[in-house]
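1. Sequence first, then the predicted structure:
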Amino acid sequence: MKTPMTMIFAAVVLAGSLSVMPAALAETVTFNLELKASNEVPPNSSKATGTAEVTFDTVTKTLTWTVTYSGLSGPAIGAHFHGPAEAAKVAGIVLPFRGNIASPIKGSATLTDAQAADLLAGRWYINIHTDLNPGGEIRGLVIR
């Protein structure tokens with residue numbers, strides 16, 4: 001008995017679809033943040049500003065960032081991701097920026113499942129600390 005061509009075609013299409021399905025489920029999430037003094041808790045009067053581009057690969061759980069800032073009251077003495085926290089709350093450091101924290105700060109890290117869940121739920125923020133503002137001079141929420 002011969003196999004109809006339509007069945008062979010359907011089998012080939014199905015096999016090809018299955019081989020690319022995992023890639024279709026992959027997602028790279030991009031966050032663009034504005035860092036400013038009014039986002040700090042409590043807000044301060046700094047005129048400093050900053051931006052951050054953060055990307056997260058949901059398959060490899062790799063977080064990558066570039067943070068730029070200017071106008072701080074003095075040199076940055078610390079810069080981190082904090083969480084989990086809501087917008088007007090403070091939280092501990094979940095991921096410090098390693099090495100040189102002069103602008104621009106670039107880095108990457110692999111997150112745990114719990115960290116990834118908090119990040120994607122909008123419960124992380126970035127802030128830059130200075131001697132004049134040790135609790136944070138500028139801050140930006142990591143939200144979509």
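-> Thanks, I have the structure now.

2. so who does the residue most central in space within the chain touch?
-> Compute the mean C-alpha point of the chain, and by Cα atoms, centre = their mean the closest residue is Val54, 4.0 Å away. Neighbouring residues of Val54 by Cβ atoms under 8 Å, 6 or more residues apart in numbering: 30-33, 63-65, 126, 142. For glycine as for every other residue, the C-beta is placed from the backbone atoms N, C-alpha and C.

3. go with 7 Å
-> Val54 is in contact with 31, 33, 63, 65, 142, counting by Cβ atoms under 7 Å, 6 or more residues apart in numbering.

4. any idea which element the third one lies in?
-> Applying DSSP states H and E as the criterion places Leu63 in strand 62-70.

5. any chance you could map the strands in the chain?
-> Under the criterion DSSP state E, strands of the chain are mapped to 28-36, 49-57, 62-70, 76-82, 93-96, 105-110, 125-130, 138-141.

6. Outside of the last one itself, list whatever touches it.
-> This means strand 138-141. Strand 138-141 is contacted by residues 33-37, 39-40, 46, 48-50, 52, 69, 87, 122, 125-128 when judged by Cβ under 7 Å, 6+ apart.

7. Among those, name the buried ones.
-> 33, 35-37, 39-40, 46, 48, 50, 52, 69, 122, 125-128 (16 or more other Cβ atoms under 10 Å).

8. Tell me the one among the residues you listed nearest to Ala91.
-> For the buried ones among the contacts of strand 138-141, the residue nearest Ala91 by Cβ to Cβ is Tyr125; the value is 7.8 Å.

9. Fine by me, thanks again.
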